[in-house]
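Asker: need a structure here:
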Amino acid sequence: MRDLVSIGDLRLQIYSAMAFGSHEFIYYEYANDHTYGDENGGFALFNIETEEYNWTYDAAKIVNNEVRSFEDAYLSFNWDGVMYKNADPMFDNPAFSYLDGDALTSHDRVKFVNVEQDTFMGTFKHKETGDDAFMVVNYTDPYFGLNDEVTLEFEGADALLMYRLGQKMIVELPSSGKYTMKLYPGEGRFIIPLK
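Answerer: Numbering: from 1, shown residues only. The predicted model follows:
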């Protein structure tokens, strides 16, 4: 247990939940009569006595806006499963051990080539067309401030429609189908392969 140290803490919580198909998020203790991190252990975004917002309010607002920017695309898909890759095959991420037996070991449209940090990926199917989408998340503790360079290999895709930090972008793929991206601490990226 520790205090939030950066926007990465909120991103990790929100994007991890989305990688498992979550549609709703609740901020525990939105307001109270303490200041964040004071001796009384206040963890709210807003102090109702002083009417002051703290940095966590701004961080939550930023992450909310990131997610709202692609909510229509995200909500047109159903969650299908989750895959993960440890950065070091000798050391399993303890959180991933809870997925054993339930995690996908492979997917016919994408595979992990390399990751710098422990990474997991939610898999989705479009509600009408059955097309695939993926939510890739840097799953290291944001306290350490570690970016994650992830290389994925896509099958049967010419380009990727991606939503990153509230921005929509399209990138063309080389004939190898490989794409390398950098994820900030806690960051998630929603990816729809295009044919």
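Asker: Please name the nearest non-neighbouring residue to residue 193.
Answerer: residue 157 (3.6 Å; CB to CB, 6 or more residues apart in numbering). Heads up, the C-betas are built off the backbone N, CA and C, glycines and all.
Asker: Likewise for residue 57?
Answerer: Excluding the flanking residues, the one nearest residue 57 by CB to CB, 6+ apart is residue 45, at 4.0 Å.
Asker: Can you report phi and psi for the one you found?
Answerer: Taking degrees, to the nearest 10, you get phi -80, psi -20 for the backbone angles of residue 45.
Asker: and it, how many neighbours?
Answerer: 19 (other CB atoms under 10 Å).
Asker: just checking, it touches residue 52?
Answerer: No - using CB atoms under 8 Å, residue 45 is not in contact with residue 52, being 10.3 Å away.
Asker: What distance do you get for the residue nearest to residue 57 to residue 149?
Answerer: Residue 45 sits at a distance of 32 Å from residue 149 (criterion: CB to CB, to the nearest Å).
Asker: Equivalent analysis for residue 76, please.
Answerer: 29 Å.
Asker: now residue 135
Answerer: 18 Å.
Asker: and residue 65, how many neighbours does it have?
Answerer: Neighbour count for residue 65, taken as other CB under 10 Å: 11.
Asker: need the strands for this protein, in chain order.
Answerer: 31-32, 46-47, 52-53, 77-85, 110-115, 119-126, 132-138, 148-154, 159-164, 167-172, 178-183, 188-194 (DSSP state E).
Asker: quick one, the last one and strand 119-126 angle?
Answerer: The reference is to strand 188-194. Using axes from the mean of the first three to the mean of the last three CA atoms, to 10 degrees, the direction of strand 188-194 lies 50 degrees away from that of strand 119-126.
Asker: In strand 188-194, which residues are buried?
Answerer: Under the neighbour-count criterion of 16 or more other CB atoms under 10 Å, strand 188-194 has 188-193 buried.
Asker: residue contacts, residue 67?
Answerer: 14, 18, 74 (CB atoms under 8 Å, 6 or more residues apart in numbering).
Asker: any chance of the buried residues of strand 188-194 in TSV, with distance to residue 123 and pLDDT too?
Answerer: Shown next, in TSV, are those (distance: CB to CB, whole Å; pLDDT from 0 to 100):
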residue	distance to residue 123	pLDDT
188	13	98
189	14	98
190	12	98
191	11	98
192	12	98
193	11	98
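Asker: so which of the residues you listed would you say is closest to residue 86?
Answerer: residue 188 (17.9 Å; CB to CB).
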